[in-house]
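Q: Need the 3D shape of this:
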Amino acid sequence: MNTVIRHVTPADLDRCYTIETLAYEGDEAATREKIATRITTWPEGFIVAEVDGVVAGFINSGAAFQVEMSDEAFKELIGHDPAGPHVVIMSVVVHPDFQGQGLAKRLMAEFIERMRALNKASIHLMCKERHIALYAGFGFAYIKPSASDHGGMAWHEMVLEL
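A: Okay, here's the model as predicted:
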């Protein structure tokens, strides 16, 4: 299995949208338009894992000077500033055909290194309770249950100081 982690390109849009809709439940998945906005607005914060030439998973994000995790507008990168020291991850997803192979861990390790290289101060994310331990393994600290009810789900806020 030949895996390459790289920045997203506009040609990845449809595949990323397919993965997003397969990986997330109900209406918690980002729309195709939101993913397109994330690709064009800040490709530096959007990486994909390509396995044998096929995009198998990705992480996308935005940057800001102030972080408000329950801000739904930020998911469309309203308020995004590439100079912002704080990064907010919006999606960490792997296509079901590629799950269980350690791709999410490889993506996250690479993402963290890339954000360090950009001199970012912190990475924020929201996750479901079942993923808290996964992110804690990367050094993320639990903050609190989130005020967000995105997709009708319960979320938890975490942060990694870089």
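Q: Could you list the low-pLDDT ranges of this protein?
A: Scanning the chain for pLDDT under 70 picks out the ranges 26, 70, 149-152.
Q: Sheet-wise, list the partners of the strand or helix carrying A56 with their directions.
A: Using DSSP states H and E, A56 sits within strand 54-64. The pairing partners recorded for strand 54-64 under DSSP bridges are strand 46-51 (antiparallel), strand 86-94 (antiparallel).
Q: count of residues packed around R116?
A: 11 (other CB atoms under 10 Å). Any C-beta I mention is one placed from the backbone N, CA and C, and that applies to glycine too.
Q: which ones are touching it?
A: For R116, the contacting residues are L162, by CB atoms under 8 Å, 6 or more residues apart in numbering.
Q: Is it located within a helix, as I assumed?
A: Yes. The assignment for R116 is a helix, going by DSSP: H, G, I helix; E, B strand; the rest coil.
Q: so how far is D81 from it?
A: For R116, the distance to D81 equals 19 Å [CB to CB, to the nearest Å].
Q: Okay, the most centrally placed residue in the chain and N119: tell me how far apart.
A: With the centre of the chain defined as its mean C-alpha position, the nearest residue by CA atoms, centre = their mean is S91, 3.1 Å away. Applying CB to CB, the value for S91 to N119 is 23 Å.
Q: give the contact list for V4.
A: The contact partners of V4, taken as CB under 8 Å, 6+ apart, are 49-50.
Q: Is it within a helix or a strand, and which one?
A: V4 belongs to strand 3-7 when assigned by DSSP H and E.
Q: orientation of that strand relative to strand 46-51 in degrees?
A: Using axes from the mean of the first three to the mean of the last three CA atoms, to 10 degrees, the inter-axis angle of strand 3-7 relative to strand 46-51 is 160 degrees.
Q: Please shift the residue numbers so they start at 44 in all later answers.
A: Shifting the count to begin at 44 puts that one at strand 46-50.
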